[in-house]
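>>> Got a sequence here, can you build the structure:
(one chain, ligands or ions: 1)
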Amino acid sequence: MSKAQVPLPRTPFIVIRVTSTLLALLGLAQTTFAGSFLNGQYDMLKVHQVNAMVLGGVALIQAITGVLVKATGKGPGWPVWVSLVLVAAIAGQIRLGFTQVLAAHVTLGVLVVAGIVLMAGWAWRTPVPPKAAPPAPVVTDDPVGAAS
Ligand code: HEM
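Numbering: from 1, shown residues only. As a prediction, this is how the structure comes out:
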């Protein structure tokens, strides 16, 4: 296989779709858990807390996947930085949540969820490199049995 025919790794492009979609779902769920807690379902605060840790972990995996997307040479570098900013923002959110600085917590939470959803939109708009074409059949002009 010549260098021009070497297929681009598709996996990082597919994985970043998975991580960004998962983050978007977890982020939207986070607002629902907060709403349920504010509505009086106090056990939802624990769910909100656990989901916060999962969000941070998935954002970190997404940053690593962003590095792999960039390494293909066909993806931009900014998803790595945006994902790292998200990790830092989620860590800040966790601190603001535990210290009950709610004005900042709710504002930053809305911004984090918006960023996460925009990132998922980008991941789905970015085309996954095509699969490698099967090797072309070897065609000769020799009639069948000509060599015998
Ligand atoms: C990435 C987004 C978010 C993260 C990582 C996060 C994380 C947390 C954490 C760790 C806590 C402390 C839980 C505990 O004390 O057991 C908390 C509390 C809370 N969060 Fe969030 N949160 C996020 C988004 C939001 C949003 C969008 C809202 C509201 C719309 C919200 C509303 C609240 C409320 C009302 C509390 C309870 C504070 C209290 O104890 O009085 N959070 N959050």
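
>>> what secondary structure does the residue in the chain that the ligand sits nearest to sit in?
Residue of the chain nearest the ligand, by C-beta to the nearest ligand atom: residue 97 (2.4 Å). Where you see a C-beta, it was placed from the backbone N, CA and C, and this is true even at glycine. Under DSSP: H, G, I helix; E, B strand; the rest coil, residue 97 falls in the helix class.

>>> is it true that it touches residue 52?
Yes. With contact defined as C-beta atoms under 8 Å, residue 97 and residue 52 form a contacting pair (6.7 Å).

>>> Residues of the protein that sit close to the ligand?
Within reach of the ligand by C-beta under 6 Å from any ligand atom, the chain has these residues: 27, 30-31, 34, 37-38, 45, 48-49, 52, 55, 90, 93-94, 97-98, 100, 102, 105-106, 109-110, 112.

>>> cutoff 5 Å now
Residues of the chain lying close to the ligand (C-beta under 5 Å from any ligand atom) are 30-31, 34, 45, 49, 52, 90, 93-94, 97-98, 100, 106, 109, 112.

>>> Mark which of those residues are buried, thanks.
30, 34, 52, 90, 93-94, 97, 109, 112 (16 or more other C-beta atoms under 10 Å).

>>> So which of those residues is the closest to residue 135?
Nearest to residue 135 out of those is residue 90 (C-beta to C-beta; 45.9 Å).

>>> Tell me where the chain has helices.
For the chain, helices defined by DSSP state H occupy the ranges 11-38, 44-71, 78-98, 102-125.

>>> got the buried residues for the second one?
Using 16+ other C-beta under 10 Å as the test for burial, helix 44-71 gives 44, 47-48, 51-52, 55-56, 58-63, 65-66, 68-70.

>>> Quick one: low-confidence residue ranges for this structure.
Residue ranges of the chain with pLDDT under 70: 1-8, 142-148.

>>> Kindly recompute the last result at 90.
For the chain, the stretches with pLDDT under 90 are 1-10, 72-75, 129-148.

>>> before we move on, back to that, kindly state which of the helices of the chain is positioned closest to residue 139.
That would be helix 11-38 among those, by C-beta to C-beta, at 32.9 Å.

>>> Now distance to residue 134 too, for the helices of the chain, in JSON lines please.
Below are those laid out as JSON lines (distance: least, C-beta to C-beta, whole Å):
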{"stretch": "helix 11-38", "distance to residue 134": "19"}
{"stretch": "helix 44-71", "distance to residue 134": "25"}
{"stretch": "helix 78-98", "distance to residue 134": "31"}
{"stretch": "helix 102-125", "distance to residue 134": "27"}
